[in-house]
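Asker: sequence isn't available, so here's the structure alone:
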């Protein structure tokens, strides 16, 4: 929220400055064909409720309307800014290129985290057999408490969305070496979560696995300053479908789920011009 307030304040200041700038002043426009950028930042996320189905050799059951949340690390400079630990928080990394004036293509990694709420009560439907636990039986939309002895289910290292996007960028305000622009577009990609799971007493499973795909829309406000640098606030909304989630070290044990996500990011980056296309406007 502080970032958005700062961005609005800067926009107001530049509007006043622009009103006092002569009509023939040099105006810098960074989002031109031939420029590329790299950014890094952090995100907060929210997820809709999700039905999750688990199956294996002797069981298959579905949990209805499971609640989950993200898990962003508390800010500490030795965590967020240390190259050895900076991938632990929820982060965003992206590389992009303007293939036309105003149009960019990019590839990136959105490292989110998905944590099933512990001890919530959900309806369970299905059967469990020969597990050697008290959970054997038939379930017909039976209320079930998600205690950790039965199930812990997290994509915490993480819910990794590797994606490509196409966006359009439109300048809003330009004053000397400051440029405020809006960009918007969409993309698609794959989900490679590292799912942290314990299921009915099985050994904890925590390995990367290609689990599914995602699609999304994005919108952002971008403040370029001093030619090479920018700060950007983003909002993303999308859909994730993972039909092949690993849950134990037995390859027969799997899960599937789908849900909508909302992602809010603050990123910092650098932008460079490959060709000399920056012009003066009279």
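Answerer: Alright, I've got the coordinates. Keep in mind it's a predicted model, so treat the numbers as computed, not measured.

Asker: make it CA atoms for all contacts and neighbour counts henceforth
Answerer: OK.

Asker: could you pick out the longest strand of this protein?
Answerer: In the chain, ranked by residue count with DSSP state E as the criterion, the top strand is strand 151-175.

Asker: from the contact counts, what lies against that strand?
Answerer: helix 2-19, strand 103-116, strand 178-191, strand 195-199 (3 or more Cα pairs under 8 Å, 6 or more residues apart in numbering; DSSP states H and E).

Asker: buried stuff in that strand?
Answerer: 151-171, 173-175 (16 or more other Cα atoms under 10 Å).

Asker: and it with strand 178-191, angle?
Answerer: Put simply, strand 151-175 runs at 150 degrees to strand 178-191, going by axes from the mean of the first three to the mean of the last three Cα atoms, to 10 degrees.

Asker: mind listing what's buried in stretch 231-251?
Answerer: Buried-residue list, stretch 231-251, by 16+ other Cα under 10 Å: 231-243, 245-248.

Asker: quick one: distance of it to the chain centre.
Answerer: 9 Å (Cα atoms, centre = their mean, to the nearest Å).

Asker: angle of the helix or strand encompassing residue 233 against strand 151-175?
Answerer: Using DSSP states H and E, residue 233 falls within strand 229-246. Orientation check (the same axes, to 10 degrees): strand 229-246 against strand 151-175 gives 160 degrees.

Asker: by mean pLDDT, show me the worst of the helices and strands packed on strand 151-175.
Answerer: Ranked by mean pLDDT, the helices and strands packed on strand 151-175 bottom out at helix 2-19, with a mean of 44.

Asker: what's the end-to-end length of stretch 168-184?
Answerer: 6 Å (Cα to Cα, to the nearest Å).

Asker: beta partners of the residue nearest to the spatial centre of the chain?
Answerer: Ranked by distance to the mean C-alpha position of the chain (Cα atoms, centre = their mean), the top residue is residue 110 at 4.0 Å. With DSSP bridges as the criterion, residue 110 is bridged to residue 92, residue 161.

Asker: I'd assumed residue 157 was in contact with it.
Answerer: No - between residue 110 and residue 157 there is no contact under Cα atoms under 8 Å: 11.5 Å.

Asker: surely residue 252 touches residue 57?
Answerer: Yes - contact criterion Cα under 8 Å: residue 252 and residue 57 qualify, at 6.5 Å.

Asker: quick revisit: what about the residue nearest to the centre of the chain, distance to residue 251?
Answerer: For residue 110 relative to residue 251 (Cα to Cα), the value is 27 Å.

Asker: over to residue 85?
Answerer: Applying Cα to Cα to residue 85 and residue 251 gives a distance of 31 Å.

Asker: you'd agree residue 85 is in a strand?
Answerer: No - judged by DSSP: H, G, I helix; E, B strand; the rest coil, residue 85 forms no part of a strand; its state is coil.

Asker: that older thread, which strands and helices sit next to the strand holding residue 233?
Answerer: strand 212-225, strand 254-273.

Asker: repeat the analysis, applying 10 Å as the threshold.
Answerer: helix 2-19, strand 35-47, strand 50-56, strand 178-191, strand 195-199, strand 212-225, strand 254-273 (3 or more Cα pairs under 10 Å, 6 or more residues apart in numbering; DSSP states H and E).

Asker: nearest to residue 119, of these?
Answerer: Closest approach to residue 119 among those (Cα to Cα): strand 195-199, 14.3 Å.

Asker: tilt between that closest one and strand 229-246?
Answerer: Using the same axes, to 10 degrees, strand 195-199 lies at 30 degrees relative to strand 229-246.
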